[in-house]
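Peer 1: Predicted coordinates and the sequence they were generated for:
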Amino acid sequence: MARGNGARPVAPIEYPPPVDPAAEFLGAPVDPEDERIEVGVAIVGGGQAGMACALRLLQLLEDDPALAESLGEVPVAVIEKGRTPGAHQLSGGVMNPAPIRALCGADDTWPTFGEVRSETVYFMAGRRRAIPLKPTPPPFRNHGNHVVSVAELNRWLAERAEEAGAYVLSETAGAKLLLDGRQVVGVRTGDKGRDKAGGEKGNFEPGSEIMARATVLAEGCWGHLTGAALKGLGLAAKDPQVWALGVKEVWEVDQPLDRVIHTLGWPLRPQAKYKEFGGSWIYPMNREGEAPKVSIGFVVGLDYADVQLSAHDVLQEFKLHPLVRRILGDGKRVGWGAKAIPEGGYWAMPRLHAPGMVICGDAAGMVNVPRLKGIHYAIRSGMLAAETLYRQLKAGSTDFSGYEQAVHDSEIGRDLYQARNMKQPFAKGLVLGGAITNAMVVTRGRLPGGHWPTHRDADQPLLRSGRAKRYPAPDGKYTFDKLSSVFTTGNATRDDAPSHIRIERHVPRELAEAWQWMCPAGVYEVPEDAEDARHVELQVNPSNCVQCGAITAKGGRLTPPEGGDGPRYGLM
Amino acid sequence: MKICVLVKEVPDAAVEKRINPSTGRLDRGGEKNLNPFDTHAIEAAMQLKEGGAVTVDEVVAVTMGPASAVRALHKAVSLGADRSVHLSDAALEGSDVNGTGYALAQVLAAEAPDLVLLGQQSDDGECYTIGAVVADHLRMPSLTQVIRIDVEDKALRCERQAEYGYDTVIVELPAVISVGDAINEPRYPSLKAIMGAKKKPLETKAAVDAGIAPERVGYEHARAHCADFTAPAAKEAGRIIEDEDTAQTVDQIVAWLDERKLLA
Amino acid sequence: MMSILVYALHHEGAFNKNSLGAVTEGARLAVELGGECHALVLGEPAALGDELCDSLGGHGATRVFRVEGPEGLAQPVVDAMAQVIREQGHGCALFGGGLLGFEIGAGLTARLDAGVCMEVTGVRVQDGKLVAERPILQDSSVSDVHFRSDVGVIIGRLNAFEPKAASDATATVEDVSVEFAPHSLKARMVSRGEQRGADVNIEDADILVAGGRGLGKAEGFDALEDLAGVLGGAVAATRAVVDAGWYSYAAQIGQTGKTVSPKLYLAAGISGAIQHKVGMQGSEHIVAINKDANAPIFEFSDLGVVGDLNKIVPKLTEAVKARKGA
């Protein structure tokens, strides 16, 4: 187990971060009324869900000038913490095009890397073997779907939304949800210009209170305000949300890849005790006039047990497989990034509304884990939210319960319900889990039925197995270390900014090590001079953070740093 | 006093840029933002306006660039500029430093400012030059890398760090001053100002409106041409010493330094 | 048959070493072009005696144009060089690294409607014309710049051109009278070249001794300051140690600090992560001391020493002191 000296294994949940989300991030407005900003609808998060909501809403308002006027000078505002739209967007990704087509109608110019023509799923039986699974297992059939870069797609959507009249406020963090009793009345944005100690620098600019008739939380996978709202407004689901961490690279290659590839198995370990659930994707990014590229990434469920599991290093290890070497060839890495993915599925979906508020997309866990799809659900949920908001605001109401019904009636609800128990069996190990999940897929979720509960990632006690020995030493050309990877994201955070990460610093060594390995960006370190004590003082380097959100799953809590900070993904 | 601030939209410096292998040219894609050094120039203008030593009637943001450059102007306005001027024309694309400075000078001449402020360098490589080019056309005194400005009668007392240390220079107005990032800590725009930026007056000018002679601008007329990107000369592999006998190691280091005349 | 005019900056009786480097480079190119290298100096007559101006000949200038005017300001030099170039027909105005070079070169670009290239690390002759080489994309690529104007303005990167006093030759000094443009006289130098307290400008230092986390504690910088002292250099630091409060932000080098290109960069206890590398990769000679043989810095250092810096640095200081004393 963890220490080998009789000490019992530690689970991250035993060292909770010093934060009380409901108390700190929910509250009444405090600014004098004339300093508040009035908007019609405030959308927190400028990802696919947020932009789709903005765009759909403005489409509906275009035909309804009376309602548009009643929403004031700024009918729709999108609050986005990235430096620009797309800066914090990352996904594989393969997208079902139906919702974006429904949203954009005749405009078919949304950027794509083409339809999926062919695909293979491999079971990696070891570091040299790859067994293609034939026929392709049903969840992986992607005929008709498109390979996209969500950063690119997001920039396109943002332009359309701005053209339609949305105010996109980038470099702005949604720091606090404003309440009037139990009614959501708006969002307070984050302060700018605080120093390391949290004091005010010369150019300190306090956040503003944006008052809105409707607030849409579309914050993505680790939803800062969403997390607080779930606790404070009693919206939490039956089961806790669980996450996986995906680490991705984009490569320029000589030979264009001709198909979409998914793999299971190596380098993850099949035994139940390790709880290593995940796999890889390798997608072609071919476009005329551009050098052929490949998107390659590895996803690992964050309820893994091993102290030394590092998704970034597992990806580097994975690249050593001959199958991958053939694909990447003499290519050049041109991008890197990381992001957490909600994996709790149906049972972990919270209540999707509260008076004055709705929750869309990844923030609500709308990801179909077996199918690895979430982008189109985000877009669809944004559209459904817009439609409910439009109807209700027109009727003078802020009761958005109709949205929840609409989501459950749509393909989102249907698909997620079908897949509702498909990840959980993997806690029994790959083989048994795989068999059980296959049964579910074949019977469309009917067998075995019941409710397989999810368990909080941070509940998982840690164990050691010497896993790090397998990670390749980075050579800087084919395999890479974390720091140089972070550098390629364009992450250049202000040196004297306060830390945005809430985490318990005085922790058992194995927990500090687990965080050190887990974080793809090298934020957490066990200090070198820590003697072989049981407890260490965790070192935190917040300026490396790419805001993937994994720490929130594994015992800490990510809060949004100063707006504009973080990665600047271009091609993710 | 009327202050014009020259701003520029540049690709994000933090994002790694590359030569596009299929075209062999610099990949100019990706998000662009207001040149960080220009935010210092705007802040300097605002501090003059708010400082009280002189009455500033107007701060005007001026940029030369494609359609997307309006975002740099919106940002400048959200930081306090009163209005902006966008010089935009396909004929200006690809202008070199000479052409760009000339074109901007024409626009500025029409504005007749008392002071032109700009960032001393931009994140896409160009540094310390545009201000001097513009100043020569406008026949105004000019300084760059200025890190302190104080008003003194009809002149500015400026400090800047040159080859031998800090110089203090008194510059008569009208003048062109390029500022360094050490001059101030730029303010953050308030959300209200950001949201109100699009409403402030923005004038778009084509080359002909500004009286710009076409044969002095544009890619075809550039007086200096960038071409042929090559890899830099490969560096010789370094030598490694494993320290076992520190006295010996240190002798080797000293000999190595001496060979290269670093112990003069 | 092109001739080159080089601006030579002087201060307190000596020429700036980047200017001397430019004269050397100009002379080298002039030979290939079949022309001559000339220099222009501007200042008070008392400061620009014949002997001083002559010495530019040793670096390869055949003629020195001496102009009386206000020192340390760029625009009067623009007037002077424009006049000389128009009268004498030079094909290139060349400047060594340094702020005035930029200001003068840029002003000249406007005055002569010329092409300009800055941050130049190399110049070569191709088909009887000059081609400037300029690094881009954080030094990962070098771009060639061609000129399409009668005069090309070339502004070198700091320390790019190496000065070489090749001979005892002297140059002919000619006094030139220049009528300065009205705007050139509207800037007045009040005080020049003030050193400000302990604020050593690390960007100008020829030798830098830099410390990183490997020092172990703030006191580790004491040994580095001693070493820097005997080497005649300044001390720099990585972001990690500045964050930890071990050294001042003014000395920070890297992606979010200063960029330097000294003759010697000695890195002690620095891993060489790219965030730091981009701030110092242009250094001429890089020496690294680190106990981790796998530290990335060893991949781009010229001399790497794998060992304990706490043992090596003090001994190195003694050895350098001894060698210099000898």
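Peer 2: Yep, it's here. Residues are numbered from 1 along each chain as shown, chains lettered A, B, ... in the order given.

Peer 1: on contacts alone, who are the packing partners of the helix or strand hosting residue A:336?
Peer 2: In this assignment (DSSP states H and E), residue A:336 forms part of strand A:332-342. For strand A:332-342, the packing partners by 3 or more Cβ pairs under 8 Å, 6 or more residues apart in numbering or on different chains; DSSP states H and E come out as strand A:243-252, helix A:482-488, helix A:550-553. (Each C-beta comes from the backbone N, C-alpha and C, glycine too.)

Peer 1: With just CA atoms, put the last one into CSV.
Peer 2: Extracted in CSV, the C-alpha atoms of helix A:550-553 (Å, rounded to 0.1, in the frame of the first residue of the first chain):
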residue,chain,number,x,y,z
ALA,A,550,-8.3,18.0,-12.5
ILE,A,551,-7.4,19.3,-9.0
THR,A,552,-11.1,19.9,-8.2
ALA,A,553,-11.7,16.2,-8.8
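
Peer 1: mind listing what's buried in that helix?
Peer 2: Counting neighbours by 16 or more other Cβ atoms under 10 Å in any protein chain shown, one finds that the buried residues in helix A:550-553 are A:550, A:551, A:552, A:553.

Peer 1: returning to what we had before: the strand holding residue A:336: which residues count as buried?
Peer 2: A:333, A:334, A:335, A:336, A:337, A:338, A:339, A:340, A:341, A:342.

Peer 1: which one of these sits closest to chain B?
Peer 2: Of all these, chain B sits closest to residue A:334, with 6.8 Å by Cβ to the nearest Cβ.

Peer 1: The closest one and residue A:250 touch, don't they?
Peer 2: Yes: between residue A:334 and residue A:250 there is a contact at 5.4 Å, judged by Cβ atoms under 8 Å.

Peer 1: Overlap in contacts, these two.
Peer 2: Residues within reach of residue A:334 and of residue A:250 at once, by Cβ atoms under 8 Å, 6 or more residues apart in numbering or on different chains, are A:293, A:571.

Peer 1: Distance check, the residue nearest the centre of chain C against chain B.
Peer 2: Nearest residue to the geometric centre of chain C (Cα atoms, centre = their mean): residue C:158, 2.6 Å. Distance of residue C:158 to chain B, given as Cβ to the nearest Cβ, to the nearest Å: 10 Å.

Peer 1: Three-state assignment for that residue, please.
Peer 2: Judged by DSSP: H, G, I helix; E, B strand; the rest coil, the three-state class of residue C:158 is coil.

Peer 1: same deal with the one 10 residues further on?
Peer 2: Under the three-state scheme (three-state DSSP), the conformation of residue C:168 reads as coil.

Peer 1: how far away is it from residue C:59?
Peer 2: Counting by Cβ to Cβ, to the nearest Å, the gap from residue C:168 to residue C:59 is 11 Å.

Peer 1: got the buried residues of strand A:332-342 as CSV, with distance to residue A:497 and pLDDT columns?
Peer 2: Shown next, in CSV, are these (distance: Cβ to Cβ, whole Å; pLDDT from 0 to 100):
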residue, distance to residue A:497, pLDDT
A:333, 28, 95
A:334, 28, 93
A:335, 25, 94
A:336, 22, 97
A:337, 21, 97
A:338, 20, 97
A:339, 21, 96
A:340, 22, 95
A:341, 27, 94
A:342, 27, 94
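
Peer 1: Go through those residues and name the one nearest residue C:248.
Peer 2: Distance to residue C:248, by Cβ to Cβ, is smallest for residue A:336 among these, at 32.3 Å.

Peer 1: follow-up on the earlier one: the closest residue to the residue nearest to the centre of chain C other than its chain neighbours: what's it in contact with?
Peer 2: Leaving aside its chain neighbours, residue C:158 sits nearest to residue C:97 (3.4 Å; criterion: Cβ to Cβ, 6 or more residues apart in numbering or on different chains). Residue C:97 makes contact with C:18, C:21, C:155, C:156, C:157, C:158, C:159, C:160, C:161, according to Cβ under 8 Å, 6+ apart.

Peer 1: Between which two of those residues is the distance greatest?
Peer 2: Most distant of the contacts of residue C:97, by Cβ to Cβ, are C:155 and C:159, 13.2 Å apart.

Peer 1: More neighbours: which of these two?
Peer 2: Taking other Cβ atoms under 10 Å in any protein chain shown, residue C:155 and residue C:159 do not tie; residue C:155 has more neighbours (31 against 22).

Peer 1: What residues are bridge-paired with that one?
Peer 2: Assessed by DSSP bridges, residue C:155 has beta-bridge partners residue C:95.

Peer 1: Spatially nearest residue to the residue of the stretch 201-350 of chain A found nearest chain C, not counting backbone neighbours?
Peer 2: Residue nearest to chain C within the stretch 201-350 of chain A (Cβ to the nearest Cβ): residue A:332, separated by 11.5 Å. Distance criterion Cβ to Cβ, 6+ apart; nearest residue to residue A:332, sequence neighbours excluded, is residue A:252 at 5.0 Å.

Peer 1: Same question for residue C:238.
Peer 2: residue C:212 (4.3 Å).

Peer 1: Just to check, the one you found is in contact with residue C:242?
Peer 2: No: judged on Cβ under 8 Å, residue C:212 makes no contact with residue C:242 at a distance of 10.2 Å.

Peer 1: Just send the buried residues of helix A:550-553 back as TSV, with distance to residue A:213 and pLDDT too.
Peer 2: Shown next, in TSV, are the buried residues of helix A:550-553 (distance: Cβ to Cβ, whole Å; pLDDT from 0 to 100):
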residue	distance to residue A:213	pLDDT
A:550	35	96
A:551	34	95
A:552	30	94
A:553	33	91
